[in-house]
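Novice: only the shape, not the letters, is given here:
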Ligand code: NAD
C-alpha cells in the first residue's frame, strides 16, 4: 500500500487564490486594501529570506506590504515604539514581528505589545487564551495550515485519535487546541513522553513538529493513519530539506502523508495572508472569508 500524498503546495496556491479574490472584492466594493507589516530585527539570513517571501506573496495577493527592517542593536524600547506606531496605523491590519529576536529583547514582551486584533501570527497571550477557550481568535499560521489540509482530506475530524508530537507554543500546543476544537481525542507527546512509538501507533492523525530529521518511521504508524509532517530540517551531506518523518518508510504504511518540501511549508505563508484578510474584515465590521479561518 502506498499513501495518498497531500499536496500542500497546490492547496496553498488555492488558498492564496481565494485570498486574492477576496482582496479584489474588498477593494472594488469597499475601497479597502488589507495591509501586512512585517518587522525584522537584525540580519539572520533565514529570517531575511522568510520576510522576503512574505512580502512578495502579500503583494501578489493584492495587499499592501510594509517592511520595517531594524538593525540588530535596536533596543527593546525602540522596537516597542515601532510596534505601537503600527498598532495605531489604520492601513496596517496585520503585524508580524519575525522571530527569533536578538538576545537583548524579550519576545514575550514584544509579542504581547502587538494589538491582538492585528496579531496575525496568533502568538499574543489574548489570542492563545481565546483559542484555548474556543472563542474567535487569530490562529497561528502553521497549525492553521495543518488543520486546513486535514479538513480537506477527511471532511470531519470528529472522534479521531490525534497525536501531536511537540509542545511548542508556535506549533504543537495550538495544533492540539485546533484538533480538540474539531472534536479529536488529542494526545500531546514531547521529549519526555515514554514509549513514543506506542503512543503514535494509536493515532488516526499524527502531526510531527519536533525538529528531528526522520524521527518518525513507518513502523510507528497505525496502518492508514494520516501523517502531517511539520518538520523542516537540513541534514549535512544531503541535498534539500527533510521532515520529522521518514517519508520512505511512512508512505508504505500511512493512508495519507504530507511530503517535505511541498507539504505543510507552503501553507504557513498562505495562512498568514488569510489571517491578514480576516483581521482586515474584522477591523471593518465585514463578513469573514469562509474556509480561511479555524
Ligand atoms: P521547538 O524546538 O520549539 O519544539 C520541538 C518540540 O519537540 C518540543 O516541544 C520538544 O518537547 C519536542 N521534542 C524534542 N525532541 C523530542 C523527541 N525526541 N521526542 C518527542 N518530542 C521531542 O520546535 P517548533 O518551533 O515547534 O518546530 C518544530 C519543527 O517544525 C522544526 O523542524 C521547525 O523547523 C518546523 N517548523 C515548520 C514550520 C513550517 O512552516 N512548516 C513552521 C514552524 C516550525
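Specialist: The structure has been received and is ready for your questions. Just so we're clear, the structure is a prediction, and the values are computed from it rather than from any experiment.
Novice: could you list the residues of the stretch 51-200 of the chain in contact with the ligand?
Specialist: Neighbours of the ligand within the stretch 51-200 of the chain, by Cβ under 6 Å from any ligand atom: 142, 165-168, 170-172, 189-191, 193, 196. C-beta here means a position set from N, CA and C on the backbone, and glycine is covered the same way.
Novice: which residues are in contact with residue 107?
Specialist: By Cβ atoms under 8 Å, 6 or more residues apart in numbering, the contact set of residue 107 is 99, 100, 101.
Novice: what's the closest of those residues to the ligand?
Specialist: residue 99 (9.3 Å; Cβ to the nearest ligand atom).
Novice: isn't residue 76 right next to residue 105, touching?
Specialist: Yes. Between residue 76 and residue 105 a contact is recorded at 4.6 Å, counting by Cβ atoms under 8 Å.
Novice: neighbour count for these two, which is higher?
Specialist: A direct count of neighbours by other Cβ atoms under 10 Å for residue 76 and residue 105 places residue 105 higher, at 19 against 16.
Novice: isn't that one right up against residue 79?
Specialist: Yes. With contact defined as Cβ under 8 Å, residue 105 reaches residue 79; the gap is 6.3 Å.
Novice: anything in contact with each of those two?
Specialist: Counting by Cβ under 8 Å, 6+ apart, the contacts common to residue 105 and residue 79 are residue 41.
Novice: that older thread, would you turn the contacts of residue 107 into a markdown table with neighbour count?
Specialist: Formatted as a markdown table, the contacts of residue 107 follow (neighbours: other Cβ atoms under 10 Å):
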| residue | neighbour count |
| --- | --- |
| 99 | 15 |
| 100 | 12 |
| 101 | 23 |
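Novice: check which helix or strand residue 262 maps to.
Specialist: Using DSSP states H and E, residue 262 sits within no helix or strand.
Novice: for the ligand, see how far away it is.
Specialist: 11 Å (Cβ to the nearest ligand atom, to the nearest Å).
Novice: that residue: what's it in contact with?
Specialist: Counting by Cβ under 8 Å, 6+ apart, residue 262 touches 7, 8, 9.
Novice: among these, which are in helices?
Specialist: Here DSSP state H is the test, and the contacts of residue 262 give 8, 9 as lying in helices.
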